[in-house]
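> Okay, predicted coordinates and the sequence, questions at the end:
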Amino acid sequence: MKAMTWNIRRAKDSSEVWKILLKVSPDVATLQEVGGIPEEVTAQYQVYSKTPRKRDGGSQLFTTTVLTKGDLNSSVHLQADTDWINNEASFYEGNIVYCTTTTNQNEVLNLLSVYSPAWHIPDDRLTSIDISSIRLDNNPKLYLTEILWAVLKNATISEPSKWIVSGDLNSSVTFDSWGKNPRGNQEIIDRMNALGLVDCLSYFDSVDELHGEYGGGAILRIEKGNMNSFEIVEGGLKAFNIVSL
């Protein structure tokens, strides 16, 4: 199985990005900042797209997207155990796009395409709300990565289940070294690992990175049973943060 994640920087349907994607031919792809998708792609993939939010709450001019060669089910939902978190997850539903698909072994794969900008959730959205239950220890502000973590905590991420949570998370641990104190990025990774997810870019060699004028992305080659290529836990497939560029 081959999975791709890529922030394609508002690429339109005429962009060279799509020729690259079709040449790579991933089984699933999670894409961010999608400006348009050509018919050549929609002919080969099922598509699920939603429009993310701007910092001021308005709609962006691009989408967050999942592509899959398998059957796609977009009727599934993730729920936290707190109403205000679910309200934020609903408001930012175009930033955290969740669906399921089937693998070539006819198994269900949970897919999330995440677009978490570098800006925090505006303070005025959180007036009179106690965010301490999900706020990072090393960052006083609340980001979409914390909303993501909160809804994933209630998901069934167990050994038999299969998950890929990937996208532009703006959570590279490199960011923690830019100031005098950590900014919480390692904490984000540790939280996801504790849920049973694996940071693929850090732990596995079978990740090819894409850089250039079309943005940054990664391709993960998953070979069932090959421990050097991916962690297999009783046939389970669980991946987090395939790329954070």
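Nice, thanks for sending it over.
> where does the chain dip in pLDDT?
The model of the chain has pLDDT under 70 over residues 159, 175-176, 178, 201-245.
> mind redoing it with 50?
Screening the chain residue by residue with the criterion pLDDT under 50, one finds the ranges 206-207, 209-212, 216-245.
> three-state assignment of the most far-flung residue of it relative to its centre?
Seen from the C-alpha centroid of the chain, the residue lying at the greatest distance (Cα atoms, centre = their mean) is Ser128, 29.2 Å away. Three-state call for Ser128 (DSSP: H, G, I helix; E, B strand; the rest coil): coil.
> Also Asp124?
Asp124 carries the three-state label helix when classified by three-state DSSP.
> again, but for the one 10 residues further on
Classification of Ile134 into helix, strand or coil gives coil, according to three-state DSSP.
> and it, backbone torsions?
Main-chain torsions, Ile134, degrees, to the nearest 10: phi -130, psi -10.
> tell me the contacts of Gln32?
Counting by Cβ atoms under 8 Å, 6 or more residues apart in numbering, Gln32 makes contact with Trp6, Asn7, Ile8, Thr64, Thr65, Ser113, Val114, Tyr115, Gly167, Asp168. Every residue, glycine included, has its C-beta placed from N, CA and C.
> Which pair of the residues you listed spans the longest distance?
With distances taken as Cβ to Cβ, the most widely separated pair in the contacts of Gln32 is Ile8 and Val114, at 14.5 Å.
> what packs against the lengthiest strand in the chain?
Ordering each strand of the chain by length in residues (DSSP state E) puts strand 2-11 first. Where contact means 3 or more Cβ pairs under 8 Å, 6 or more residues apart in numbering; DSSP states H and E, strand 2-11 is packed against helix 17-24, strand 28-34, strand 162-168, strand 217-221.
> In the sheet, which strands lie alongside it, parallel or antiparallel?
Strand partners for strand 2-11, identified by DSSP bridges, are recorded as strand 28-34 (parallel), strand 217-221 (antiparallel).
> Would you state the strands of this structure in chain order?
Across the chain, reading from the start of the chain, the strands by DSSP E fall at 2-11, 28-34, 46-50, 63-68, 72-73, 96-102, 108-115, 162-168, 207-210, 217-221, 237-240.
> Roughly how far does the spatially closest residue to Gln46 that is not a sequence neighbour sit from Leu136?
The shortest distance from Gln46 to any non-neighbouring residue, by Cβ to Cβ, 6 or more residues apart in numbering, is to Leu72 (4.1 Å). For Leu72, the distance to Leu136 equals 33 Å [Cβ to Cβ, to the nearest Å].
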